[in-house]
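A.B. asks: this is a predicted model, with the sequence first.
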Amino acid sequence: MNELVSFFGENFRQFWEFTGFYNVTMPHLIMLAVGLFFIYLAIKHEFEPMLLVPIGFGILVGNIPFQLGNEIGIYEEGSVLNILYGGVSAGWYPPLIFLGIGAMTDFSALLANPKLMLVGASAQFGIFGAYMVALALGFAPDQAAGIAIIGGADGPTAIFLSSKLAPNMMGAIAVSAYSYMALVPLIQPPIMRLFTTKKERLIKMKPARTVSQTEKIVFPIFGLLLTCFFVPSAIPLLGMLFFGNLLRESGVTTRLAKTASNALTDIVTMLLGLTVGASTQASEFLTLDTIKIFALGAMAFIIASSSGVLFVKFFNLFLPEGKKINPLIGNAGVSAVPMAARISNDLGLKYDPSNYLLMHAMGPNVAGVIGSAVAAGVLLGFLG
């Protein structure tokens with residue numbers, strides 16, 4: 001009888017030591033709270049739910065305490081999560097996301113007013129400004145580049161670049177990039193109001209010209225050749241972006257375009273968000289470097305948003321009356337498509353209910369997608 005009691009007692013002890021209740025620590029609880037907060041923002045306030053729900057739930061999955069050696073955790077070789085995480089660590093989820101972005105993006109606003117490309121380019125100052133600050137804070141050049149790309153507000157690009165240059169920081173960089181993408185509605189409006197006058201906010205832009213189907217078909221081919229001849233290291237991202245756009249605009253591959261923009265993008269987004277969230281294991285994530293990454297990411301994003309607005313103000317000095325650009329679309333130079341463009345439109349309507357800026361803002365917004373990928377290619381070319 002005593003042996004039976006001892007046997008069950010030992011088994012119960014082993015089971016108890018295997019549970020999360022036994023292995024939980026304060027860092028685990030902190031990260032679980034962060035995951036719940038992300039899910040709350042996504043569901044209650046609808047902050048990029050397609051991103052924050054998978055990431056928030058992934059944070060919960062990645063921070064349930066467990067004993068090592070059972071092929072459970074995302075960093076344990078051979079575990080299911082580790083295999084799925086290969087799409088992040090090897091950098092092949094981001095190009096698939098770019099394929100979907102290309103297939104769902106209409107570049108007409110940019111083609112109708114090509115000078116808006118300069119607005120998208122100006123927003124990339126946030127990336128290079130944060131890069132210099134990160135170097136000054138003691139980060140290695142490759143780590144500084146991975147952190148700086150957060151300024152583009154482009155999660156897939158941030159993952160792609162950090163997987164190549166700073167894989168040990170990829171979790172923090174990815175979560176930071178997606179966090180600031182989701183917080184665009186909170187971060188950008190105060191910046192836009194700060195750097196614009198009431199008169200500038202009321203500028204009405206003329207309707208864009210109609211873009212021909214031939215222009216739409218030629219653009220992804222010409223865009224690929226032009227950008228990738230200059231920055232071959234951006235081929236995985238830009239190649240897939242322009243390929244997806246050609247599927248959309250060619251008129252003969254509608255089924256492929258729909259698959260790329262819907263089912264494929266949704267599947268990859270779910271896997272990417274879940275595994276990025278799960279990669280934030282407390283032991284790997286809660287470090288001083290993570291705090292620095294989030295601070296530098298915020299700075300980069302603020303600089304990027306400010307640069308776009310200020311560049312439009314500067315550019316207007318050289319434009320005649322009637323052709324000036326409303327500076328409220330300058331914030332859309334970051335890559336948060338189409339959220340940043342919607343912010344431009346919403347703020348414009350607030351000051352003039354008849355001033356619709358959405359289509360104008362989409363020009364720098366889609367230019368920002370190209371610009372952030374080019375910036376990543378430049379950094380990868382120099383440091384890879």
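C.D. replies: Received it, and whenever you're ready, just let me know what you need. Residues are numbered from 1 along each chain as shown.

A.B. asks: C-terminal to the helix ranked longest in the chain, what's the next element?
C.D. replies: The residue-count maximum for a helix in the chain (DSSP state H) belongs to helix 288-316. Going down the chain from helix 288-316, the next helix or strand is helix 339-351, by DSSP states H and E.

A.B. asks: where's residue 162 relative to residue 53, distance?
C.D. replies: 22 Å (C-beta to C-beta, to the nearest Å). Any C-beta I mention is one placed from the backbone N, CA and C, and that applies to glycine too.

A.B. asks: please apply the same query to residue 225.
C.D. replies: Separation of residue 225 from residue 53 (C-beta to C-beta): 38 Å.

A.B. asks: these two: which is more packed in?
C.D. replies: For residue 225 versus residue 53, neighbours defined as other C-beta atoms under 10 Å are more numerous around residue 53 (19 against 11).

A.B. asks: can you tell me the element the more buried one falls in?
C.D. replies: helix 49-62.

A.B. asks: pLDDT on that helix, on average?
C.D. replies: Mean pLDDT, helix 49-62: 93.

A.B. asks: give the buried residues for it.
C.D. replies: Buried residues in helix 49-62, counting neighbours by 16 or more other C-beta atoms under 10 Å, are found at 49, 51-62.

A.B. asks: after it comes which helix or strand?
C.D. replies: Counting by DSSP H and E, the element after helix 49-62 in chain order, helix or strand, is helix 80-89.

A.B. asks: restricting to C-alpha, output that next one in PDB.
C.D. replies: Taking C-alpha atoms only, helix 80-89 is exported to PDB below (Å, rounded to 0.1, in the frame of the first residue of the first chain):
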ATOM      1  CA  VAL A  80       6.000  22.300 -34.700                       C
ATOM      2  CA  LEU A  81       6.300  25.900 -33.800                       C
ATOM      3  CA  ASN A  82      10.000  25.900 -34.700                       C
ATOM      4  CA  ILE A  83       9.200  24.500 -38.100                       C
ATOM      5  CA  LEU A  84       6.500  27.100 -38.700                       C
ATOM      6  CA  TYR A  85       8.900  29.800 -37.400                       C
ATOM      7  CA  GLY A  86      11.300  28.800 -40.200                       C
ATOM      8  CA  GLY A  87       9.200  31.000 -42.600                       C
ATOM      9  CA  VAL A  88      10.200  34.000 -40.400                       C
ATOM     10  CA  SER A  89      13.800  33.100 -39.500                       C
END
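
A.B. asks: which residues touch it?
C.D. replies: 61-62, 71-76, 93, 159, 163, 167, 170, 174, 268, 271-272, 274-276, 278-279 (C-beta atoms under 8 Å, 6 or more residues apart in numbering).

A.B. asks: what about 7 Å?
C.D. replies: Contact with helix 80-89 is made by 73-76, 93, 159, 163, 167, 170, 271-272, 275-276, 278-279, as judged by C-beta atoms under 7 Å, 6 or more residues apart in numbering.

A.B. asks: so residue 223 is in contact with residue 241, correct?
C.D. replies: No. Taking C-beta atoms under 7 Å as the definition, residue 223 is not a contact partner of residue 241, at 8.4 Å.

A.B. asks: where does pLDDT dip in the stretch 101-250 of the chain?
C.D. replies: For the stretch 101-250 of the chain, not a single residue meets the criterion pLDDT under 70.

A.B. asks: can you give me the helices for it?
C.D. replies: Counting by DSSP state H, counting those that start in this stretch, the stretch 101-250 of the chain has helices at residues 108-112, 116-122, 125-136, 141-148, 155-165, 170-182, 184-194, 198-201, 213-230, 240-249.

A.B. asks: same list (those helices) but as TSV, adding distance to residue 37.
C.D. replies: Below are the helices of the stretch 101-250 of the chain laid out as TSV (distance: least, C-beta to C-beta, whole Å):
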stretch	distance to residue 37
helix 108-112	35
helix 116-122	31
helix 125-136	25
helix 141-148	22
helix 155-165	18
helix 170-182	10
helix 184-194	14
helix 198-201	33
helix 213-230	38
helix 240-249	32
